[in-house]
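Enquirer: Fold the following, please.
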Amino acid sequence: MTEKKYVLAIDQGTTSSRAILFNHSGEIVSVGQKEFTQIFPNPGWVEHDPVEIWESVRSVVADALQKAETNRHEIAAVGITNQRETTIVWDRNTGKPVYNALVWQDVRTGDIVREIADGDPLGTERYRQITGENVSTYPSATKIKWILDNVEGARERAEAGDLLFGTPDTWVLWNLTGGINGGVHATDVTNASRTLLMDVRTLTWREDICADFGIPTSMLPEIKSSSEIYGYGRKNGLLVDTPISGILGDQQAATFGQACFEKGMAKNTYGTGCFTLMNTGTEPVFSSNGLLTTVLYKLGDEAPVYALEGSIAVAGSLVQWLRDNLGMIATSSQIGELAASVEDNGGVYFVPAFSGLFAPYWRDEARGAIVGLTRYVTKGHIARAVEESTAFQSAEVLDAMNADAGVPLKELKVDGGMTHDDLLMQFQADISGCDVVRPSVVETTALGAAYAAGLAVGFWASTDDVIANWQEGKRWTPSMDASERDRTYRLWKKAVTRTFDWVDEDVK
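Expert: Residues are numbered from 1 along each chain as shown. The predicted structure is shown next:
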């Protein structure tokens, strides 16, 4: 029998799909990556083509295997991690989506939020003590309802049992395991906890909440743990008979890959958005400061582990906007150099509320603003304000976490592409008042999914192996004067208030 040398992680992200091969030491062996189309039909609307997503996954898997000069016989297991909340509805008989995927950033469902919230004295907190989430445009429930209400014939087909719903993990798993020919329709607890439809205590779908949204429960995938064998690769694919045995939503996967297994440990991932998660142990903690309660992971039959999460919609995508919409930089990597060309932000603050404001404000009517402009300001100052906005947003989330946890965070583990930017990471440490630590392997999202898959098949024995593999790469320590920190943070919060209440009924 061929030795099983690797675990393959499929990372289906917001702007690209990747496949990464890891060895037993948690080191990267090869990477396949492919961007796919971002679709913006109207202001605030964000869509993806599910067929293009699936094709990109197939392409990057082939690319990763070819680069490593290996095949399925040397792969012990496959893990999936994914953009969460993004909603795909497809026909179980044809495998064809009924509409484009509604991306987690999409805010078209504001009217649905108000309709559901106005029907209860608790308003947007109607389901928070059950699901861990407020009613907002963020979770999947409002997106499913929009598709059923707005796509001709969709509701009738759903009620007839012909339509399936899934976040991208479910869509990829279903296709990997056969699609219309016996594909497995399942998700894990971490992704299910982002739909507004799952009870975070019982880990089951709530039929009453589904009824409130008009969502037939027959559409919903089976909820499973984050680490178990869900099925095997289909016969006509590169991963035939390979176990698919790990699923984690991208931010939970990054937390797992960062070995945040102890209560109170936290990480921040810098990607399209920014997402901070803090391990709160085996009991869910419900925030009083605008954070989400989410399932962090569940390994097989073990008890689930929970987290508090602060979700920020726009981080790396703001750099992309500067590149693609304004042409201020040619490549995303140039942002750091441009920002470093000036000594400070020149009084400029950039609040990127392109999709409203997520944690800790949850203001879907907010829109982006650049404030503090004078004739002194150059593109270097704007670039610096862009970078600082990510750190400011993260600092506000950390403040909320400290308030909920009652204990100040001493150290923040970080990952994602933006962590290679020293200016940003130093500013993050300065404005947050705690050490910022980057691991030697920053692809922790894919690594977390690989670990979950490998643990299910015995490739790794326990989470002790994950801890042993984690290595510190670089550390940033706060050095900013306290009075300067307080001044610039105060101005940031002042800038945030300028984005509130922008969208009126006649403003889109």
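Enquirer: Return the residues in contact with T15.
Expert: When the contact criterion is CB atoms under 8 Å, 6 or more residues apart in numbering, the partners of T15 are E35, F36, Q38, T272, S317, Q320. In short, each C-beta sits where N, CA and C put it, glycine included.
Enquirer: Buried residues of stretch 38-46, list them for me.
Expert: Neighbour-count burial for stretch 38-46, counted by 16 or more other CB atoms under 10 Å, picks out Q38, G44, W45, V46.
Enquirer: could you dump that stretch to CSV, C-alpha only?
Expert: The C-alpha trace of stretch 38-46 is given here as CSV (Å, rounded to 0.1, in the frame of the first residue of the first chain):
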residue,chain,number,x,y,z
GLN,A,38,-16.8,39.1,-8.4
ILE,A,39,-20.3,40.2,-9.5
PHE,A,40,-21.8,43.5,-8.3
PRO,A,41,-25.2,43.9,-10.0
ASN,A,42,-26.2,46.8,-7.8
PRO,A,43,-24.7,48.9,-5.0
GLY,A,44,-24.4,46.7,-1.9
TRP,A,45,-25.1,43.5,-3.9
VAL,A,46,-22.3,40.9,-4.1
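Enquirer: if we can go back for a sec, ranking by neighbours, what's the top pick from the contacts of T15?
Expert: Note: the member of these with the most neighbours is T272, at 26 neighbours, neighbours being other CB atoms under 10 Å.
Enquirer: Count the neighbours of the nearest residue to it once chain neighbours are set aside for me.
Expert: In this structure, T272 finds its nearest non-sequential neighbour in T14, 4.3 Å apart by CB to CB, 6 or more residues apart in numbering. Residues near T14, counting by other CB under 10 Å, number 22.
Enquirer: re the thing from before, closest to V78 out of the contacts of T15?
Expert: F36 (20.0 Å; CB to CB).
Enquirer: could you dump the buried residues of stretch 38-46 to a markdown table with pLDDT and distance to Y376?
Expert: Converted to a markdown table, the buried residues of stretch 38-46 look like this (pLDDT from 0 to 100; distance: CB to CB, whole Å):
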| residue | pLDDT | distance to Y376 |
| --- | --- | --- |
| Q38 | 92 | 34 |
| G44 | 85 | 33 |
| W45 | 93 | 36 |
| V46 | 94 | 35 |
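Enquirer: Looking at the residues you listed, spot the one nearest D111.
Expert: Closest to D111 out of the buried residues of stretch 38-46 is G44 (12.0 Å), distances taken as CB to CB.
Enquirer: quick revisit: out of the contacts of T15, which are inside strands?
Expert: Among these, DSSP state E puts E35 in strands.
Enquirer: Tabulate the contacts of T15 (CSV), appending distance to I20.
Expert: Formatted as CSV, the contacts of T15 follow (distance: CB to CB, whole Å):
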residue, distance to I20
E35, 16
F36, 17
Q38, 22
T272, 18
S317, 22
Q320, 22
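Enquirer: I'd like to know which of the contacts of T15 is nearest to A64.
Expert: Of all the contacts of T15, A64 sits closest to E35, with 15.6 Å by CB to CB.
Enquirer: My understanding was that T255 contacts G448; is that so?
Expert: Yes - using CB atoms under 8 Å, T255 is in contact with G448, at 7.0 Å.
Enquirer: Neighbour count: these two, which is higher?
Expert: Comparing T255 with G448 by other CB under 10 Å, the one with more neighbours is T255, at 35 against 32.
Enquirer: Contact partners for the more buried one?
Expert: Shown in contact with T255 (CB under 8 Å, 6+ apart): K267, L277, N279, L296, Y297, A307, G448.
Enquirer: my read is it is in a strand, agree?
Expert: No - counting by DSSP: H, G, I helix; E, B strand; the rest coil, T255 is located in no strand; its state is helix.
Enquirer: if I look at it, how far off is A315?
Expert: T255 is 17 Å from A315, where distance means CB to CB, to the nearest Å.
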